[in-house]
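1. I'd like to go over a predicted model; first the sequence, then the structure.
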Amino acid sequence: MNQNPSHFIQLDPAYMRQLFHSGNRKEFLAAVQLALRQILVKLNVENHYDQAIAQTKREGSYRELNNTWEKLKPAARGQKWQELMERLVQITYATRPYCLRCGECCRLGSPSLHPEDADLLVQGLISTRQLYTLRRGEPVRFNIEGRLGLLPAELIKIKHDPNNHHCMFYSENQKNCSIYEHRPLQCRVQECWNSEELERLWRQEKLTRRDLLQDDQESLELLDLHDERCEPEKIDAAFTQLHESGDLKVLAQVLDILRQDKAIRGFVKQKLNREDEELDFLLGRPLVEIVRVYGVRVEKDEDGVYHLVPDR
Ligand code: SF4
């Protein structure tokens, strides 16, 4: 669930500056109502305004701010305003504790798979071409905890649109999921007004490539080889070392891992007769994409030699 107020509220920055500087209470009340209406629109429940504003007026943080607005300094008004907006988002979600099938979850990203989802692949309802793997040690953003870190164990996810992160099964035109009756477990438990179920599921076992490939010895051996030679953690360790020591020699190690990743991908494609689309599942995302998280990209010079250069 995305509860960042800026995802819901788009108020003009000049209007906000004037609001915080003037300290006028009537303007504050009007701005709260405007922000609340924007959140309601975003959640497709414009008709819940009366319920949401009544709950807001009962809210302690709102009452306190309403009473002290004129006495606060502009910076304190800005900070308290932000806290109140977070609360308004929660209040608005609480007015709709049921799924409207609005597609918001599907637009924010795609689900990870769990052992209960393995049958979707066995029955051919989802294919490995539609999946990608985030391998252990990849740098990722943990949405629930709101922090960046290295993934402790691999995840298999449904692919998403690279431009807007919409799940590939979500149709913006029809506002629906093309596999709704057979959607993965995460989609079935997810409640955008309550993150408890999602948090519980996040702590549970995930589906892995080895679960799905257990009878395919040839693929498993290549997967082990790739994991051993092209561990994302080695790349993270190299960039940590670069950061701490400034020693540019570690970039040669990173380039060597990237070369091995490219070579193994080519080999797997040929030897196992796999299409490009399947490699993101079998071997995870290409490491040339992952290094961009560290602010670099690979560039080939006129002699055909590869370098890591700052990614501007
Ligand atoms: S699989 Fe369906 S329900 Fe799940 S995120 Fe994708 S579009 Fe939404």
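-> Looks like it came in fine. Predicted, not measured: the structure shown is a model, and the values here were computed from it.

2. Where does the stretch 201-312 of the chain get nearest to the ligand, which residue?
-> L201 (13.1 Å; Cβ to the nearest ligand atom). Using the backbone N, CA and C atoms, a C-beta is placed for each residue, glycine as well.

3. And stretch 219-238, end to end?
-> Start to finish, the residues bounding stretch 219-238 are 28 Å apart (Cα to Cα, to the nearest Å).

4. One more: stretch 132-141?
-> First-to-last residue span, stretch 132-141, Cα to Cα: 16 Å.

5. residues of the helix or strand hosting E228 that come out buried?
-> Element membership for E228 (DSSP states H and E) is helix 217-229. Buried residues in helix 217-229, defined by neighbour count with 16 or more other Cβ atoms under 10 Å: 219, 222-223, 226-227.

6. can you list contacts of stretch 65-75?
-> 20-21, 23-25, 28-29, 77, 80-81, 84 (Cβ atoms under 8 Å, 6 or more residues apart in numbering).

7. State the pLDDT value of C167.
-> Predicted confidence (pLDDT) for C167: 96.

8. I'd like to check what contacts the helix or strand hosting G266. Which residues are they?
-> Following DSSP H and E, the helix or strand that holds G266 is helix 250-271. Here helix 250-271 makes contact (Cβ under 8 Å, 6+ apart) with 218, 222, 225-226, 229-231, 234-235, 238-239, 241-242, 274-276, 279, 282-283, 286-288, 291, 298, 306-308.

9. Quick check on the contacts of stretch 65-75: which are buried?
-> Buried, going by 16+ other Cβ under 10 Å: 20, 28, 77, 80-81, 84, out of the contacts of stretch 65-75.

10. residues in the stretch 101-250 of the chain within reach of the ligand, list them.
-> 105-106, 110-111, 158, 167, 169-170, 177, 179-180, 183-184, 187 (Cβ under 6 Å from any ligand atom).

11. Sort out for me which of those are in helices.
-> 105-106, 187 (DSSP state H).

12. Now neighbour count and pLDDT too, for the residues you listed, in a markdown table please.
-> Below are those laid out as a markdown table (neighbours: other Cβ atoms under 10 Å; pLDDT from 0 to 100):
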| residue | neighbour count | pLDDT |
| --- | --- | --- |
| C105 | 22 | 88 |
| C106 | 27 | 93 |
| C187 | 19 | 95 |
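
13. quick one, phi/psi of N194?
-> phi -160, psi 110 (degrees, to the nearest 10).

14. Name the nearest of the buried residues of helix 217-229 relative to Y62.
-> For the buried residues of helix 217-229, the closest approach to Y62 (Cβ to Cβ) belongs to D227, at 51.9 Å.

15. That closest one contacts E138, correct?
-> No: D227 is beyond contact range of E138, at 11.8 Å (criterion: Cβ atoms under 8 Å).

16. Could I get the full set of strands for the chain?
-> With strands called from DSSP state E, the chain shows them at 131-134, 139-142, 147-150, 155-158, 170-171, 176-177, 296-300, 306-310.

17. right, so of the ones you listed, which gets closest to A14?
-> strand 139-142 (30.8 Å).

18. which secondary structure elements does that closest one contact?
-> With contacts defined as 3 or more Cβ pairs under 8 Å, 6 or more residues apart in numbering; DSSP states H and E, strand 139-142 has these neighbours: strand 147-150.

19. Give me the mean pLDDT for the strand it packs on.
-> For strand 147-150, the mean per-residue pLDDT is 85.

20. mind listing what that strand pairs with, with the direction of each?
-> strand 139-142 (antiparallel) (DSSP bridges).

21. I'd like the distance from the partner strand to the chain centre, please.
-> 8 Å (Cα atoms, centre = their mean, to the nearest Å).

22. List of residues touching it?
-> 134, 147-151, 232, 236, 290, 293-294.

23. Tell me the buried residues in that strand?
-> 139-140.

24. cool, and stretch 211-218?
-> Under the neighbour-count criterion of 16+ other Cβ under 10 Å, stretch 211-218 has 212-213 buried.

25. how about it as CSV, C-alpha atoms only?
-> Extracted C-alpha coordinates of stretch 211-218, given in CSV (Å, rounded to 0.1, in the frame of the first residue of the first chain):
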residue,chain,number,x,y,z
ASP,A,211,11.1,-25.3,-6.9
LEU,A,212,10.0,-24.9,-10.5
LEU,A,213,13.0,-26.5,-12.2
GLN,A,214,13.4,-29.5,-9.8
ASP,A,215,13.2,-32.1,-12.7
ASP,A,216,15.3,-30.1,-15.1
GLN,A,217,18.9,-31.1,-14.1
GLU,A,218,20.6,-29.3,-17.0
